[in-house]
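Student: got a sequence here, can you model it:
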Amino acid sequence: QVQLVESGGGLVQPGGSLRLSCAVSGTFSSIYAMGWYRQARGKQRELVATITRGYSPAYADSVKSRCTISRDNAKNTIYLHCDSLEPEDTAVYFCNADVLLHSATKSIYWGQGTQVTVSS
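Tutor: Residues are numbered from 1 along each chain as shown. This is a model prediction of the structure:
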């Protein structure tokens, strides 16, 4: 069984910063790409950033200049650091992971989400 647990959300003032973490635990063979997504109230879930096992990042245009995704393969953890937050960044942030199980099958797993609210 594979679990993803996000942490680091909360209330942030406009112009402030956030740092989220997502740790993968359980029984698996390897983790391929991981990513951060977000879903604002009344909107569809959207991509924020992804990172490959080889540390190659990709970003949504809306966050490209403000956010950095990073990864620690030894800890099975990814991070998201964003600066210059705007009220439009308010959303539930989810992480996901493309996991290779010991059965040689691949599955996508999601965390439960962490709320980020940007407000004064």
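Student: what's in contact with stretch 8-23?
Tutor: Applying C-beta atoms under 8 Å, 6 or more residues apart in numbering, the set of residues contacting stretch 8-23 from outside is 4-7, 34, 36, 75-87, 93, 95, 97, 111, 114-120. In short, each C-beta sits where N, CA and C put it, glycine included.
Student: residues contacting residue 31?
Tutor: Contacts of residue 31 (C-beta under 8 Å, 6+ apart): 24, 53, 73, 76, 97, 98, 99, 100.
Student: quick one: contacts for the fifth one?
Tutor: This means residue 97. 2, 4, 22, 24, 31, 32, 33, 34, 35, 108, 109.
Student: which residue sits farthest out from the middle of this protein?
Tutor: Most distant residue from the mean C-alpha position of the chain: residue 103, 25.7 Å away (C-alpha atoms, centre = their mean).
Student: bridging residues for the residue nearest to the spatial centre of the chain?
Tutor: Geometric centre of the chain, nearest residue: residue 36, 2.7 Å, by C-alpha atoms, centre = their mean. Assessed by DSSP bridges, residue 36 has beta-bridge partners residue 49, residue 95.
Student: on the pLDDT front, check it for me.
Tutor: On the pLDDT scale, residue 36 is placed at 98.
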